[in-house]
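how would this look folded up:
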Amino acid sequence: MSELQKDFLFVLVKSLSTSEKRQFKLYVNRLGINVDAKFLLLFSELDKMKEYNEDIILEKKISSKQQLSNLKAHLYKQILVSLRLNPSHQNNRIQLREQLDFATILYQKGLHKQALKILDKTKQSALELDEKTIASEIIELEKVIESQFITRSIDGRAEELIRQSSEISRQNSYATKLSNLSLKLYSEMLTHGYIKNDEDRDKILELFDRKTAKIDLKKLNFTEKLWYYKAHVWKNQLLQDYKYTLKYAYQWVELFHQNPEMIKSHPVWYIKGNTYLFKILFLYGNVQRIEESFETFSNVVKSEVFVHNENSQSLIFLTYYNTMMNLYFIKGEFFKGVKMIPELELKMTKHRDKIDEHHFLILYLKIASMYFGSKNYHDTIKYGLKIINSKGNVQEELLFHTRILILMAKFEAGLDEDYDDFVKNTMKFTKKMKNPSELHYKIVNFFSEINDNNPADQVAAFKEFGRQLEESGKNQYDKRTLVYIDIHGWIKSKLRNVDVIEIIKEKVKVK
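As a prediction, the model looks like this:
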């Protein structure tokens with residue numbers, strides 16, 4: 001895996017489908033001189049390899065060590081050119097740029113009227129698809145042609161181009177501001193996590209208000225509205241204000257349903273919007289709304305008009321299985337969910353190279369939680385350790401709650417052998433966290449004390465800890481800590497001596 005990640009060319013070759021490989025060979029063999037071209041020999045050799053091995057390439061004398069880097073770069077470019085010609089990779093943006101390229105060629109040949117005809121038609125399509133960046137480039141080329149040559153279309157033409165250029169510039173300015181804000185908020189969420197105090201809250205609100213002060217939603221087109229809703233979703237995620245996260249996630253998705261032609265142009269953002277919507281509905285425990293929205297989403301992504309490529313399929317995979325597991329969780333159907341795990345792991349292997357490590361670790365946590373709910377504590381620990389032993393840059397909250405889930409499993413299974421050591425290591429980890437809260441320490445201290453208590457004292461300890469969790473649940477900054485793992489539900493099940501499934505079903509009924 002490490003070698004595969006190091007060599008981009010090898011990853012690209014291995015990502016090609018059978019039809020894409022066939023097209024590439026036809027593409028490079030269109031001229032007889034390419035039959036024995038070294039880059040084609042390199043392609044064939046890489047295609048045979050299961051793992052990248054540069055020594056084999058050098059041994060077969062396909063290239064010298066000094067020339068290999070240039071040969072690989074040339075092959076990489078040729079594969080991309082071939083893929084660009086593949087109909088399965090054509091989309092509106094590529095087609096518009098192709099027409100702009102054609103018009104540029106005609107202009108350079110002095111065929112100005114023909115160039116303007118293509119530009120005008122392409123511009124209309126770009127504006128209809130809200131591809132304003134491309135439309136802006138088209139208008140700039142139109143200005144060049146109109147200002148340099150007498151095309152007899154200048155009457156009223158200058159005013160029209162100036163008006164279009166000014167309007168697109170204004171819209172692009174909004175899009176830039178909102179996309180920058182969205183990216184900044186998303187970066188904050190990844191690097192610092194959710195707000196932990198009033199100072200964090202004020203910082204986020206000040207940033208958001210400053211960037212959106214002069215933006216009027218009524219004047220925004222599709223793309224700007226999309227960024228506007230994204231920014232609000234990420235802001236309210238950071239603030240842990242789930243009511244407004246739900247509101248703007250819903251508007252994000254509805255924006256696409258009101259403009260269905262845009263789903264084809266922006267399939268990733270359609271998937272992402274639904275992903276956030278399902279997550280927030282899960283936090284609210286609204287089974288019916290999740291199932292209704294999930295059915296609509298599934299019908300759209302399965303339709304023929306939806307863009308089906310490796311990227312969109314990987315994102316659909318994540319959204320589908322995360323949502324399915326969330327439904328099992330809020331229904332308390334752990335044993336049913338466990339049956340899906342072999343299928344899920346098979347799909348995880350298939351999509352391994354297309355999805356970042358963090359999303360895989362989230363799936364491992366859900367698998368571990370599913371095993372815990374079905375009383376398979378050994379597999380809970382097994383999958384929890386996959387997260388803890390991960391060598392990547394794992395979010396602190398994910399690591400903390402994985403450790404707590406493992407402690408819950410060890411307690412339930414009566415695994416005392418390394419329990420105390422694991423508690424001590426968890427406390428050390430907590431102290432090293434960037435901003436551990438008082439609740440983090442309370443949770444670890446509870447597990448530190450509970451295992452040594454006799455049964456009567458354990459009941460008292462569970463009651464006291466349950467009371468502390470009730471109080472923490474009222475603190476807006478402790479919300480997220482209690483969302484990852486339903487430790488409160490587990491405490492209630494222990495006090496009432498019932499299965500945790502019963503507690504979950506009661507919660508859903510109330511919600």
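
can we go C-alpha only for contacts and neighbour counts from here?
Noted.

K72: neighbouring residues, count only.
Neighbour count of K72, defined by other CA atoms under 10 Å: 19.

quick one: which helix or strand includes L344?
Counting by DSSP states H and E, the element that carries L344 is helix 341-350.

So what touches that helix?
Helix 341-350 is contacted from outside by 317, 321, 360, 367, using CA atoms under 8 Å, 6 or more residues apart in numbering.

Dump the C-alpha coordinates for it into PDB.
Output of helix 341-350 as PDB, limited to C-alpha atoms (Å, rounded to 0.1, in the frame of the first residue of the first chain):
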ATOM      1  CA  ILE A 341     -20.200  -6.100   7.800                       C
ATOM      2  CA  PRO A 342     -18.600  -8.700   5.400                       C
ATOM      3  CA  GLU A 343     -20.200  -7.000   2.400                       C
ATOM      4  CA  LEU A 344     -19.100  -3.600   3.700                       C
ATOM      5  CA  GLU A 345     -15.500  -4.800   4.200                       C
ATOM      6  CA  LEU A 346     -15.400  -6.200   0.700                       C
ATOM      7  CA  LYS A 347     -16.500  -2.800  -0.700                       C
ATOM      8  CA  MET A 348     -14.000  -1.000   1.500                       C
ATOM      9  CA  THR A 349     -11.200  -3.000  -0.100                       C
ATOM     10  CA  LYS A 350     -12.500  -2.100  -3.600                       C
END
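
centre of the chain versus it, how much separation?
How far helix 341-350 lies from its chain's middle: 18 Å, per CA atoms, centre = their mean, to the nearest Å.

rewinding a little: out of the contacts of helix 341-350, which is most surrounded?
The most crowded member of the contacts of helix 341-350, judged by other CA under 10 Å, is I367 (24 neighbours).

May I have the phi/psi pair for it?
Main-chain torsions, I367, degrees, to the nearest 10: phi -60, psi -50.

hmm, back to that, just the contacts of helix 341-350 now: which is nearest E295?
For these, the minimum distance to E295 (CA to CA) is 13.5 Å, reached by Y321.

pLDDT value on E51, please?
The confidence metric pLDDT takes the value 86 at E51.

in which helix or strand would I find it?
E51 is part of no helix or strand when elements are defined by DSSP H and E.

Measure how buried it is and give me the count.
Each residue near E51 was counted by other CA under 10 Å, and the total is 15.

that older thread, please spell out which residues along the helix holding L344 are buried.
Going by neighbour count (16 or more other CA atoms under 10 Å), the buried part of helix 341-350 is 341, 344, 348.

Output the contacts of helix 341-350 in TSV, with pLDDT and distance to K143 appended to each entry.
TSV is the format used below for these (pLDDT from 0 to 100; distance: CA to CA, whole Å):
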residue	pLDDT	distance to K143
F317	94	46
Y321	95	50
F360	89	50
I367	95	58
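
E128: which of the residues you listed is nearest?
Out of those, the member with the shortest distance to E128 (by CA to CA) is F317, at 30.5 Å.

Could you pull up the residues touching that closest one?
Per CA under 8 Å, 6+ apart, neighbours of F317: K347.

picking that back up, in JSON lines, list the buried residues of helix 341-350 along with pLDDT and distance to I168.
As requested, the buried residues of helix 341-350 are arranged in JSON lines below (pLDDT from 0 to 100; distance: CA to CA, whole Å):
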{"residue": "I341", "pLDDT": "95", "distance to I168": "49"}
{"residue": "L344", "pLDDT": "94", "distance to I168": "45"}
{"residue": "M348", "pLDDT": "91", "distance to I168": "42"}
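
Which pLDDT value goes with D202?
D202 is given a pLDDT of 91.

now swap in D421 and tell me
Note on D421: pLDDT of 93.

Quick check: buried residues in the one helix or strand it maps to?
D421 is part of helix 419-432 when elements are defined by DSSP H and E. Buried residues in helix 419-432, counted by 16+ other CA under 10 Å: 419-420, 422-423, 426-427, 430.

now, which of the contacts of helix 341-350 sits nearest K279?
Closest to K279, out of all of those and judged by CA to CA, is Y321, at 12.0 Å.

Which other helices and strands does the helix holding D421 contact?
Helix 419-432 sits against helix 396-413, helix 438-450, with contacts defined as 3 or more CA pairs under 8 Å, 6 or more residues apart in numbering; DSSP states H and E.

Could you check how far F222 is from E397?
Using CA to CA, to the nearest Å, F222 is found at 35 Å from E397.

Looks like W227 contacts Y174 (just checking).
No. Assessed by CA atoms under 8 Å, W227 is found out of contact with Y174, at 9.2 Å.

In TSV: the contacts of helix 341-350, plus secondary structure and distance to L116.
TSV is the format used below for the contacts of helix 341-350 (DSSP: H, G, I helix; E, B strand; the rest coil; distance: CA to CA, whole Å):
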residue	secondary structure	distance to L116
F317	helix	44
Y321	helix	49
F360	helix	50
I367	helix	58
